[in-house]
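J.: Here is my input, please return the structure:
(one chain, ligands or ions: 1)
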Amino acid sequence: MSVTLPPLFLERMQTLLGEEYPDFVVSYDHPRFAGIRINTLKISPEAFAELTPFELKPVPWCETGYYIDEGQKPGKHPYYHAGLYYIQEPSAMAPAEALDVQPGDRVLDLCAAPGGKSTQIAARLQGQGVLVTNDISEMRTKALAKNIELYGVKNAVVLNESPERILQAFPGYFNKILIDAPCSGEGMFRKDEDMARQWEKHSVEVCSVMQRDILKSAAGMLAPGGTIVYSTCTFAPEEDEAQIAEFLTLNPDFEVVPLPAKWGLAKGRPDWLYPPYMKVEKGEYTEASAAQTGDAGRLWPHRIQGEGHFVAVLRHTGETGQPGRTQSRNQDRDFSEQHQEEQEQELDQGSAWLTIQPAPTAQSALSSRAAKDKTRQANKGKGKGRGRRQESAGAGAVQDQQELLAAWRLFAGQNLSDTAGMTGYPVFFGTNLYLSPLTPDQLNGLKTVRPGWYVGTVKNGRFVPGQPLAAALKPGESLRSVQLSLEEGEAVRYLKGETLQLPESRLVRLNDSLPKGYVLVGVGDYSLGWGKWQDGMLKNEYPAGWRWT
Ligand SMILES: C[S@@+](CC[C@H](N)C(=O)[O-])C[C@H]1O[C@@H](n2cnc3c(N)ncnc32)[C@H](O)[C@@H]1O
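T.: I've put the predicted structure just below:
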């Protein structure tokens, strides 16, 4: 066996798996499986198949997932920097698929860093609805925020909170919740030998306690009729079936939705709820709850091509639209419908939701009465306090915010086409402007890493567009764009931060825009970042922290 596995782990797996055990153990001698998932916010799987440099083989349980051969370097390609795919272990693609996210849903990803499943959820939302993505680890939320930005997600809020505190802000709010729980990681041993070295029986017990608490908070945040997907990358029944059996015993208004009996997915194991080494008395769970754990799914490394996962789909049996089980602020019927209605009502009442229509000229952007009125409305009540990291907005700050919005409108008018979908609640962090799918009040008091889509900031009185703005735009949405070549190494030179010589004839210009100014730079049709063109030179605006090294 190429991986050294903890003896106690092997002993327990032998007890559990019996006749299947030899196949399970032999699977650790095989090479691990690597995969990529196509980011459909940027490209369709069909279009990617036309340009891919990799040999692709479909992952059966994920329409956008593909196996790639070990040894290929998908992280070292300009298409990776264009956010065309996420590098993801194939069995880890199953939980977000099981959540069956639809455009317009309100989704919470509670244990989300570094963002594999959040980017998958965002692609399913297609920019409609809300994704609140959270992780308790401040350090890990940095990678999460970067991935949300790289993959061109416009409608996500990134939090660094405990589930209990999110529950206080969002009781009964979400119709889909993913808990990709912290776990003892037994399914990671082949991929990451450190996990095997750090495993000890104790970690199963510690993780079980965390998982129970997270499930409890999630139940309180789910709207009637909603769905929670609970997943782990471990095989220990204490962290898998036992969590589900206990949850159902405590929450009889939930049921397990069976996973499809195909693709080599195995069923959950109710018979593992009382193995000799687990400290539970028979009868701890109701019979119905115990039986339902059989409808959960297990991905085994000796049965499928992947490292292993446990997935349970928990559906609240209450009717969507009925008064909530919790004191929900939002007991609604159809989420996309409601979200749209709320926005329209707010617009009617002249309140905060903002649709930035790029203004045709500088003058009209600044003098537009309507724009000024809306700005005033957008800033109403801003002094009441917001996300912990947000600046408190005194009179000076409100003035700054009005100037920031005016600068943004001016930038949008001079640089973006009217096909660019620029909508959201304006949220200000100092001089940084975000467009958020949630109101500032909804984020009030929460430790917010990104309140929404970062569009830019003001420096020396001028609007400087953000990298996430570029990452989420398509070439036709910017008045100036350029397609750099892959073969001649232009794209890599841009990604390394070089200034490029570029004749004016290479610029694609819309609406008679002048050549001088911000240019959306792409590899082929897929945006990478900003450049500034003047006199045959493309000045590089790709951020230092994102560069190709
Ligand atoms: C399995 S990893 C998540 C992987 C992620 N879903 C993905 O697909 O990229 C589990 C995460 O849970 C986070 N975590 C641990 N305890 C937590 C808690 N109480 N609330 C929220 N997140 C927690 C960890 O920091 C870790 O990033």
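J.: Local confidence estimate at the residue in the stretch 251-400 of the chain positioned nearest to the ligand?
T.: As assessed by Cβ to the nearest ligand atom, the ligand sits closest to residue 309 within the stretch 251-400 of the chain, at 10.1 Å. (Glycine included, C-beta is placed from N, CA and C.) If you check residue 309, the pLDDT there is 97.
J.: Over to the one 5 residues further on?
T.: Note for residue 314: predicted pLDDT of 98.
J.: Which secondary structure elements does the helix or strand containing it sit against?
T.: Here residue 314 sits within strand 309-316, counting by DSSP states H and E. Helices and strands touching strand 309-316, by 3 or more Cβ pairs under 8 Å, 6 or more residues apart in numbering; DSSP states H and E, are helix 94-99, strand 222-232, helix 241-250, strand 254-257, strand 297-299.
J.: could you dump these to TSV with distance to the ligand and mean pLDDT?
T.: Shown next, in TSV, are the helices and strands packed on strand 309-316 (distance: least, Cβ to the nearest ligand atom, whole Å; pLDDT from 0 to 100):
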stretch	distance to the ligand	mean pLDDT
helix 94-99	8	98
strand 222-232	7	98
helix 241-250	14	98
strand 254-257	20	98
strand 297-299	14	97
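J.: and the nearest residue to residue 220 once chain neighbours are set aside, what does it touch?
T.: Nearest residue to residue 220 in three dimensions, chain neighbours excluded: residue 167, at 4.8 Å (Cβ to Cβ, 6 or more residues apart in numbering). Shown in contact with residue 167 (Cβ atoms under 8 Å, 6 or more residues apart in numbering): 217, 220, 221.
J.: Three-state assignment for the second one, please.
T.: Per DSSP: H, G, I helix; E, B strand; the rest coil, the local secondary structure of residue 220 is helix.
J.: how about the helices in the stretch 101-250 of the chain?
T.: 116-125, 138-150, 163-169, 193-198, 201-221, 241-250 (DSSP state H, counting those that start in this stretch).
J.: again, but for the stretch 301-450 of the chain
T.: Under DSSP H, counting those that start in this stretch, the stretch 301-450 of the chain gives helices at 335-348, 362-367, 369-378, 395-415.
J.: if you average pLDDT over each of the helices of the stretch 101-250 of the chain, which comes out lowest?
T.: Taking the mean pLDDT of those, helix 193-198 comes last: a mean of 82.
J.: List the buried residues in it.
T.: 195, 196 (16 or more other Cβ atoms under 10 Å).
J.: Name the residues that touch it?
T.: Under Cβ under 8 Å, 6+ apart, the answer for helix 193-198 is 3, 4, 5, 6, 9, 185, 186, 188, 189.
J.: How about the residues of the stretch 151-300 of the chain by the ligand?
T.: 162, 163, 180, 182, 210, 214 (Cβ under 6 Å from any ligand atom).
J.: quick one: contacts for the residue of the stretch 251-400 of the chain closest to the ligand?
T.: Residue 309 touches 91, 92, 94, 95, 187, 231, 232, 233, 298, 299, counting by Cβ under 8 Å, 6+ apart.
J.: same deal with residue 518?
T.: With Cβ under 8 Å, 6+ apart, residue 518 has these contacts: 411, 415, 465, 478, 480, 530, 531, 532, 541.
J.: Which strands border the strand or helix carrying it, and is each parallel or antiparallel?
T.: Assigned by DSSP H and E, residue 518 belongs to strand 517-523. The strands beside strand 517-523 in its sheet (DSSP bridges) come out as strand 480-484 (parallel), strand 526-534 (antiparallel).
J.: and it, average pLDDT?
T.: Mean predicted confidence for strand 517-523 is 97.
J.: Ok, stretch 405-423 next?
T.: 87.
J.: Select the helix or strand of this protein having the lowest average pLDDT value.
T.: helix 362-367 (a mean of 28; mean pLDDT, DSSP states H and E).
J.: Near the ligand, which residues of this structure are found?
T.: Residues of the chain lying near the ligand (Cβ under 6 Å from any ligand atom): 92, 110-117, 135-137, 140, 162-163, 180, 182, 210, 214.
J.: one step back: turn the contacts of residue 167 into a markdown table, columns for neighbour count.
T.: What follows is these, written out as a markdown table (neighbours: other Cβ atoms under 10 Å):
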| residue | neighbour count |
| --- | --- |
| 217 | 18 |
| 220 | 19 |
| 221 | 25 |
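J.: Can you lay out those residues as CSV showing distance to residue 100?
T.: Output for the contacts of residue 167, formatted as CSV (distance: Cβ to Cβ, whole Å):
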residue, distance to residue 100
217, 22
220, 22
221, 18
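J.: just the residues you listed now: which is nearest the ligand?
T.: So of the contacts of residue 167, ranked by how close each gets to the ligand (Cβ to the nearest ligand atom), first place is residue 217, at 8.3 Å.
J.: Output the below-cut-off pLDDT ranges for the stretch 301-450 of the chain.
T.: 321-395 (pLDDT under 70).
J.: same thing but at 50, please
T.: Judged by pLDDT under 50, the stretch 301-450 of the chain has its weakly predicted residues at 322-336, 339, 343-352, 357-392.
J.: count of residues packed around residue 541?
T.: 18 (other Cβ atoms under 10 Å).
J.: contacting residues for the nearest residue to it once chain neighbours are set aside?
T.: Nearest non-adjacent residue to residue 541, counting by Cβ to Cβ, 6+ apart: residue 530, 3.9 Å away. Contacts for residue 530 (Cβ under 8 Å, 6+ apart) come out as 465, 467, 470, 518, 519, 520, 521, 541, 542.
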